[in-house]
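Novice: What would the 3D arrangement of this be:
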Amino acid sequence: MKDSGGGVQNGKAHAIASNWGISQAHQSSHKCPVTASQGKNQKANRLDGVCGYGGPSCSPPGKRPHSITSLKCLYTNTCSMGNKQEELEVCVQLQGHDLIAITETWWDSSHDWNAVMDGYILFRKDRPARRGGGVALYVREQLKCIKFCLGVDEERVESLWVRMKGQANMGDTVVGVYYRPPDEEEEVDKAFYRQLEVAS
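Specialist: Numbering: from 1, shown residues only. Below you'll find the model as predicted:
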């Protein structure tokens, strides 16, 4: 299985990979359930205790120090962000994540207006000309970052990379998100490994 947990390591690339078969409960230890909402009261109940709703772990986005050495990350495979954007925003507001990595956004150009989240820069790579797929990274505005073009197999692999500027004497950090469909060809797997090598 070609999965790795979400996170970052200073000066190193650390891919946030996904596989269709992994249950959302195992995707991230700091994850909120991003599912279709059935009403605001039910949403609040579902988030209670999971996202730190009203609890001591609740830390609004503006109240946390923004250090590249200790980033709070969220990873989720949404299997379409179509009706989950509002719930994701509630989760992020409650937990104050620095990085949000999403696979299977199912976005296309018709989602440009509703994909933006206050306080975050959005990097995304939609799957061209086919339904499904797509990856995205939301990065907190205070973290200086740019899209990192590897120049290796970028058309073949559903991945997205950003480089975050290191603070003081610390090196830059490269973070990526990668979606691997369950029926992916071995050649695409090898292409991803080449990307990982370049990013490292």
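Novice: Show me the shaky parts of the protein.
Specialist: 1-69, 113 (pLDDT under 70).
Novice: Helices of that one, start to end?
Specialist: Taking DSSP state H as the test, the helices found in the chain are 40-47, 85-95, 186-199.
Novice: out of those, deepest packed?
Specialist: helix 85-95 (a mean of 20; mean count of other Cβ atoms under 10 Å). C-betas here are computed from N, CA, C, even on glycine.
Novice: export that helix as CSV, just CAs?
Specialist: These are the backbone C-alpha positions of helix 85-95, laid out as CSV (Å, rounded to 0.1, in the frame of the first residue of the first chain):
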residue,chain,number,x,y,z
GLN,A,85,-17.3,23.2,1.9
GLU,A,86,-19.3,24.8,4.7
GLU,A,87,-18.6,21.9,7.0
LEU,A,88,-14.9,22.0,6.2
GLU,A,89,-14.8,25.7,7.0
VAL,A,90,-16.5,25.1,10.4
CYS,A,91,-14.0,22.4,11.2
VAL,A,92,-11.0,24.6,10.2
GLN,A,93,-12.3,27.6,12.2
LEU,A,94,-12.6,25.5,15.3
GLN,A,95,-9.2,23.8,15.1
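Novice: how deep is residue 159 tucked in, by neighbour count?
Specialist: Residue 159 has 24 neighbours, counted by other Cβ atoms under 10 Å.
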